[in-house]
Every structure is written in C-alpha cells, then in structure tokens.
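Peer 1: Kindly generate the corresponding structure for this input.
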Amino acid sequence: MSDRNVFLAKGLVASAFGAASGWFLAQALTRDAERGRTLTMEQYIADFDRYKARLESQPLSTIGTIVAMVVLCVGIFGLYELLAALVARLLGGSRDAHQQ
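Peer 2: The predicted structure follows:
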C-alpha cells in the first residue's frame with residue numbers, strides 16, 4: 001500500500017465518521033428542540049423533582065468515567081485504523097486492476 005492510499009483512506013474514514021457523528025448529533029438536537037417546543041410549564045414543574053434528582057446523581061465515579069472513555073477512544077481508534085486499512089487496500093487494488 002502506498003502512503004498516498006493510506007493518507008487518502010484515513011481522510012475518507014475520518015470524514016465519514018465526522019459526517020455520521022454530525023448527523024446523529026443533529027438528530028438528537030432536533031428531538032430535544034421538539035420536546036422543548038411541546039413541553040408546558042405544568043409538565044416541567046410536575047417532573048421537577050425527578051429532573052433535579054437526575055442532575056444531582058452521579059452514575060459513575062471519576063475513575064469509572066475515565067476508564068470508560070479510554071476504552072471507548074481505543075475502540076474508536078481501532079475501528080478507524082481497521083476501516084482505513086480496508087479502504088486503502090481497496091484503493092490500491094482498484095488502482096492495480098486499472099494498470100494491468
């Protein structure tokens with residue numbers, strides 16, 4: 001595999017990850033905005049104690065959160081490298097087929 005194919009493949013995979021992340025974030029923000037438009041003051045006040053309890057609770061310790069994020073980042077990086085290697089191989093294979 002040439003360095004050019006690897007660089008191009010990593011750029012394509014990173015762009016795809018960015019586009020997918022952006023799409024999922026936009027969907028989540030759209031859902032939140034819709035819930036905000038339909039939420040009434042009475043509904044919010046009725047669930048105030050639940051909202052407050054959820055904000056005050058800490059489901060994971062700081063160490064647990066750090067470990068979870070390290071595992072998540074290593075997993076994402078590993079998937080990124082695997083997909084980039086596959087795309088680079090495909091780019092190299094298609095180029096070799098055209099040169100023959």
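Peer 1: pLDDT averaged over stretch 14-31, what's the number?
Peer 2: Stretch 14-31 shows a mean pLDDT of 94.
Peer 1: Export only the CA atoms of that stretch, formatted as PDB.
Peer 2: Output of stretch 14-31 as PDB, limited to C-alpha atoms (Å, rounded to 0.1, in the frame of the first residue of the first chain):
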ATOM      1  CA  ALA A  14     -12.300  10.300   9.300                       C
ATOM      2  CA  SER A  15     -14.700  12.300   7.100                       C
ATOM      3  CA  ALA A  16     -17.300   9.500   7.200                       C
ATOM      4  CA  PHE A  17     -17.000   9.300  11.000                       C
ATOM      5  CA  GLY A  18     -17.400  13.100  11.200                       C
ATOM      6  CA  ALA A  19     -20.400  13.100   8.900                       C
ATOM      7  CA  ALA A  20     -22.100  10.300  10.800                       C
ATOM      8  CA  SER A  21     -21.400  12.000  14.200                       C
ATOM      9  CA  GLY A  22     -22.800  15.200  12.800                       C
ATOM     10  CA  TRP A  23     -25.900  13.500  11.600                       C
ATOM     11  CA  PHE A  24     -26.600  11.800  14.900                       C
ATOM     12  CA  LEU A  25     -25.900  15.000  16.800                       C
ATOM     13  CA  ALA A  26     -28.300  16.900  14.600                       C
ATOM     14  CA  GLN A  27     -31.000  14.300  15.100                       C
ATOM     15  CA  ALA A  28     -30.600  14.400  18.900                       C
ATOM     16  CA  LEU A  29     -30.700  18.200  18.900                       C
ATOM     17  CA  THR A  30     -33.800  18.200  16.700                       C
ATOM     18  CA  ARG A  31     -35.600  15.700  19.100                       C
END
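Peer 1: distance between that stretch and the chain's centre?
Peer 2: Remark: stretch 14-31 is offset 7 Å from the chain centroid, using CA atoms, centre = their mean, to the nearest Å.
Peer 1: Which residues does that stretch contact?
Peer 2: Stretch 14-31 has contacts (CB atoms under 8 Å, 6 or more residues apart in numbering) with 76, 80. (C-beta placed from N, C-alpha, C; glycine too.)
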